[in-house]
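[1] this one's structure only:
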């Protein structure tokens, strides 16, 4: 690992990522390496790593290679593997554009949650087709300290528990995962969103992301929140035939989420590349000892 490794840094509504281009999947990135890169004091710093690989070169993505040339091998900040990251998809697409692999317009990106459609607009915005939400049945409760709230179970390719609260401060520091019950609802952990109303079809949220702690933004979380808010408000596009659009404010910015009558959810927001350079191979080797 002593050879320098190219990297970039990017963010989507301040959900930030270390981007590691590796088209032929030649790099070994064990969890300890990912955690070292994401360390905000001793590493580059980020909520996760976007490992950029051609689908045909990654064993988890070869079946999607005919639909999408590129695979987003996403890792949480603690090194664990994640199925999907909504802000990460936008930053991943921005990187592909930055590197000259794609231009404005439509493209597809393979993820562990399936192939996602992306549109790079001329005005700089990026819209992502996030797929359909699943709403598992059963009551869920989340807690912070002595407070507990009922939560909506929403799956966006990864699991979410959405709780509506009176004040976002009630969510506490969100460093640690908020307890939830029943444990069987989320056997592999869960992303927890705390939500308040700001106006008609306008909400604000904070989130604890599984494997990362509180982050400035969560794209799949914003989608889950919009769907949960719509159902709470009596809106179901599959029933009414009318799209439901919610503005979701996050600590790091604003996303616009639209659920269409066919169930497809579209997320629109910014993505920025802020820096690029080289990871010192010797440093990374030492970090793994």
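    Yep, it's here. Please read these numbers as outputs of a predicted model, since none were measured by experiment. Numbering: from 1, shown residues only.

[2] distance of the residue lying closest to residue 31 once chain neighbours are set aside from residue 159?
    Excluding its sequence neighbours, the residue lying closest to residue 31 (Cβ to Cβ, 6 or more residues apart in numbering) is residue 79, at 2.7 Å. Every C-beta, even on glycine, is put in place using the N, C-alpha and C of the backbone. Relative to residue 159, residue 79 is positioned 19 Å away (Cβ to Cβ, to the nearest Å).

[3] which of those two has more neighbours?
    Using other Cβ atoms under 10 Å as the criterion, residue 79 and residue 159 rank with residue 159 on top: 22 against 19.

[4] show me where the protein has helices.
    Counting by DSSP state H, the chain has helices at residues 31-38, 86-98, 219-232, 237-240, 281-287.

[5] will you turn the ones you listed into JSON lines that also has mean neighbour count and mean pLDDT?
    Below are the helices of the chain laid out as JSON lines (neighbours: other Cβ atoms under 10 Å; pLDDT from 0 to 100):
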{"stretch": "helix 31-38", "mean neighbour count": "20", "mean pLDDT": "96"}
{"stretch": "helix 86-98", "mean neighbour count": "26", "mean pLDDT": "96"}
{"stretch": "helix 219-232", "mean neighbour count": "26", "mean pLDDT": "97"}
{"stretch": "helix 237-240", "mean neighbour count": "13", "mean pLDDT": "96"}
{"stretch": "helix 281-287", "mean neighbour count": "14", "mean pLDDT": "89"}
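
[6] so for residue 67, which of these sits nearest?
    Of all these, it is helix 86-98 that lies closest to residue 67, at 14.8 Å by Cβ to Cβ.

[7] neighbours of residue 127, how many?
    By other Cβ under 10 Å, the burial measure for residue 127, its neighbour count, is 19.

[8] one more: the one 4 residues further on?
    The criterion is other Cβ under 10 Å. On that basis, residue 131 has 20 neighbouring residues.

[9] the residue nearest to residue 174 when sequence neighbours are not counted: what's it in contact with?
    Leaving aside its sequence neighbours, residue 174 sits nearest to residue 214 (Cβ to Cβ, 6+ apart; 3.6 Å). By Cβ atoms under 8 Å, 6 or more residues apart in numbering, residue 214 lies in contact with 173, 174, 175, 206, 207, 208.

[10] okay, and the beta partners of residue 214?
    Here residue 214 sits in beta bridges with residue 208, going by DSSP bridges.

[11] let me know the pLDDT of it.
    The score at residue 214 is 94. That number is its pLDDT.

[12] please apply the same query to residue 157.
    88.

[13] contact partners for it?
    Going by Cβ under 8 Å, 6+ apart, residue 157 touches 83, 84, 111, 112, 113, 114, 130, 131, 220.

[14] ok, those vs residue 122, which is closest?
    Using Cβ to Cβ, residue 130 is the member of those that sits closest to residue 122, with 21.7 Å.

[15] where does pLDDT dip in this structure?
    Filtered on pLDDT under 70, the chain yields the residue ranges 1.
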